[in-house]
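Student: Sequence unavailable; structure follows:
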């Protein structure tokens, strides 16, 4: 797995809405989920539901900060050298210490964990 695989190119659509909808459809297919109709509007929350366990919020960026590129490159190269899969953990700290911890893995890893393999 290379960083390019980790940060797969997302085709651009003519509009922001078109881009979002295309990403939601890809995510639903990739993970064996369903697109949430009307996501982002009113009371409907989340973009894709995967079974009873996951609610996916899809975001597309044309670029990410260089710091994050370096973090993802480091995690990927070190994991590959150890014949493992990369995982990045991010602690978001608040005034009272650690507020929440997030984990990022490549989409291919998530597919394997879910048993979807639809990528």
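Tutor: Arrived safely, thanks for sending. Since the structure is predicted, the reported quantities are computational estimates derived from the model, not experimental observations.
Student: Give me the pLDDT value at the residue most central in space within the chain.
Tutor: The residue lying closest to the centre of the chain (CA atoms, centre = their mean) is residue 107, at 6.5 Å. For residue 107, the model assigns a pLDDT of 94.
Student: before we move on, what about residue 62?
Tutor: The predicted local confidence for residue 62 is 86.
Student: Give me the neighbour count for it.
Tutor: Residue neighbour count, defined by other CB atoms under 10 Å, stands at 7 for residue 62. Where C-beta positions appear, they are placed from N, C-alpha and C, glycine not excepted.
Student: Please identify the helix or strand for it.
Tutor: Residue 62 belongs to no helix or strand when elements are defined using DSSP states H and E.
Student: so how far is residue 55 from it?
Tutor: Separation of residue 62 from residue 55 (CB to CB, to the nearest Å) stands at 25 Å.
Student: swap in residue 78?
Tutor: Distance from residue 78 to residue 55, by CB to CB: 30 Å.
Student: where does the protein have its least confident helix or strand?
Tutor: helix 3-6 (a mean of 51; mean pLDDT, DSSP states H and E).
Student: quick one: buried residues of whichever helix or strand comes after that one?
Tutor: Next in sequence after helix 3-6, counting helices and strands by DSSP H and E, comes helix 16-31. By neighbour count on 16 or more other CB atoms under 10 Å, the buried set for helix 16-31 is 19, 20, 21, 22, 23, 24, 26, 27, 28, 30, 31.
Student: swap in stretch 70-83?
Tutor: For stretch 70-83, a neighbour-count test (16+ other CB under 10 Å) marks 71, 72, 75, 76, 79 as buried.
Student: which among those gets closest to residue 96?
Tutor: residue 71 (25.1 Å; CB to CB).
Student: So what sits opposite the residue lying closest to that closest one once chain neighbours are set aside in the bridge?
Tutor: Of all residues not flanking residue 71 in the chain, residue 88 sits nearest, at 6.2 Å (CB to CB, 6 or more residues apart in numbering). Beta-bridge partners of residue 88, counted by DSSP bridges, are residue 104.
Student: Surely residue 88 and residue 74 touch.
Tutor: No: taking CB atoms under 8 Å as the definition, residue 88 is not a contact partner of residue 74, at 9.1 Å.
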